[in-house]
Structures are given as C-alpha cells and as structure tokens.
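*Asks:* Build me a model:
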Amino acid sequence: MDAITAMETCRAMRYLRPEPVSDAVLRRLVYAATRAPSPGNSQGWDFVIARDPATRRRITAVLKPALAPILPEPSPTAPRSQRLMLDGVRHLAERLGDVPAWIFVCGRPVYPPNAPSEAWISSAVLPAAQNLIVAARALGLGTVFTAFHTLVEPELRKVLELPDDARIGVTIPLGWPAAEFGPVARKPVDAVLHWEHW
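*Replies:* All right, here's what the predicted structure looks like:
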C-alpha cells in the first residue's frame, strides 16, 4: 500500500480485536515513527508500549473511571458523523482491557540544545505519532489518536514509570481492526487551500 492510499483510508479505528500484535510488528511501527522529522534532528521521542496483560489491566483501571463521566449518549439529532464517532469512543471505552497494545508516544525537553524547552516537545512527538498510525494502516492495523492521558496523567505516569521530564504526547490504542477501513471524510482541498495569501 502506498503512503497516500494509507492516509486516505486511515480512519480512526476504535473497534479492535483482542488478538496480540507481535513484537516484530510493534518494532516496525516504532521504526516508522522514528523516520519522522524533529527540531534540529533532536529526535526527542520515546515510545512506551504496553502489551502485557497486567500492565493493560492497570491502564484500564486508571482510564475507565475517568472516561465514563465524559462520554454522553449521542443526540439522535446530531450529525451522523458525530454519532458514529461517539459510538466508537463509547465502544472503545467499554473495551479498554481488550486493546492488545497501547502505545504512549512521549517526549522530553531536549531542544534547543542550549536551552531545552517543553514548547518543542510536540514538534517531535506529533510527526512521529502520525508516521506510526500511517504505517499501522499500511500493515492492516487499526489505531486512533487519543488524549486519554490528559484525564489521568499523574496516575498513568506511575503505571508507566515515566521519568520526571517525560511527557505523554499521544496515547494510541492499537490492534487488528474489528471494523472496515474506508475513505476518510475530509473537507475538499479547495476549502482550505490559499495561494500566496489567505
């Protein structure tokens, strides 16, 4: 699958089968992630992959109570895309423990070298995470970007034993899809493209 096709069909996949993903495949995804650009080639990223059942249970125990109160029933009058998204999030939240691998894309303040700043962390973490999800799609795996960690970061930091200076940038549940991939719904290019000036 070429890169553009992977991007065109890289739907947020919240329906995942519980079968494990091999260490070799997970390593390949991190390899793809680390081909991303970073400020000054600083490569200020780290990846914590939780696949052991005991670790996944601890992650679930932290996340599940935090997610429950913020997941409303979708309004029957809401746009179809919003209802589908909320249904998917609720499905994932109910089955957190079945996710075969959790990938926490983390960053540390390593740039600029003379005055490292947290402000630069996302410049390394987000391109790496994007590479990872596109590579996962190309390999037939489902993923979704989440910010679940923002709800319970202190507790997750303990579970993952993160160093004090590491920050979680993106939390990615990953597994073999239990739903179909298809084209992503996006605005037409001409609606967002501006030549020479806005």
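
*Asks:* residues near the residue lying closest to A3 once chain neighbours are set aside, how many?
*Replies:* Among residues not flanking A3 along the chain, V134 sits closest, at 6.6 Å (C-beta to C-beta, 6 or more residues apart in numbering). Where C-beta positions appear, they are placed from N, C-alpha and C, glycine not excepted. Other residues near V134 come to 20 when the count uses other C-beta atoms under 10 Å.

*Asks:* Surely V134 and E8 touch.
*Replies:* No: contact criterion C-beta atoms under 8 Å: V134 and E8 do not qualify, at 10.4 Å.

*Asks:* Surely V105 forms part of a strand?
*Replies:* Yes: looking at V105 with DSSP: H, G, I helix; E, B strand; the rest coil, it is inside a strand.

*Asks:* and it, how far is that from Y31?
*Replies:* Per C-beta to C-beta, to the nearest Å, V105 is found 14 Å from Y31.

*Asks:* Now do the SS call for the residue nearest to A3.
*Replies:* Under three-state DSSP, V134 comes out as helix.

*Asks:* residue contacts, it?
*Replies:* Contact analysis of V134 by C-beta atoms under 8 Å, 6 or more residues apart in numbering lists 3, 6-7, 10, 32.

*Asks:* Next one: it from D23, what distance?
*Replies:* Distance, V134 to D23, by C-beta to C-beta: 20 Å.

*Asks:* in the lowest-mean-pLDDT helix or strand in the chain, what's buried?
*Replies:* When the helices and strands of the chain are scored by mean pLDDT, DSSP states H and E, helix 80-94 comes last with a mean of 91. By 16 or more other C-beta atoms under 10 Å, the buried positions in helix 80-94 come out as 86, 88-90, 92-93.

*Asks:* likewise stretch 108-122?
*Replies:* Neighbour-count burial for stretch 108-122 flags 108-111, 116, 120-121 (criterion: 16+ other C-beta under 10 Å).

*Asks:* could you dump those residues to a markdown table with distance to I59?
*Replies:* Output for these, formatted as a markdown table (distance: C-beta to C-beta, whole Å):
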| residue | distance to I59 |
| --- | --- |
| R108 | 21 |
| P109 | 25 |
| V110 | 26 |
| Y111 | 29 |
| P116 | 29 |
| W120 | 27 |
| I121 | 22 |
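
*Asks:* Off-centre distance for stretch 84-102?
*Replies:* Centroid separation for stretch 84-102 versus its chain: 13 Å, with C-alpha atoms, centre = their mean, to the nearest Å.

*Asks:* contact partners of it?
*Replies:* Counting by C-beta under 8 Å, 6+ apart, 12, 14-21, 26, 49-51, 56-57, 59-60, 63-64, 67-68, 71-74, 78, 144, 171-176 sit against stretch 84-102.
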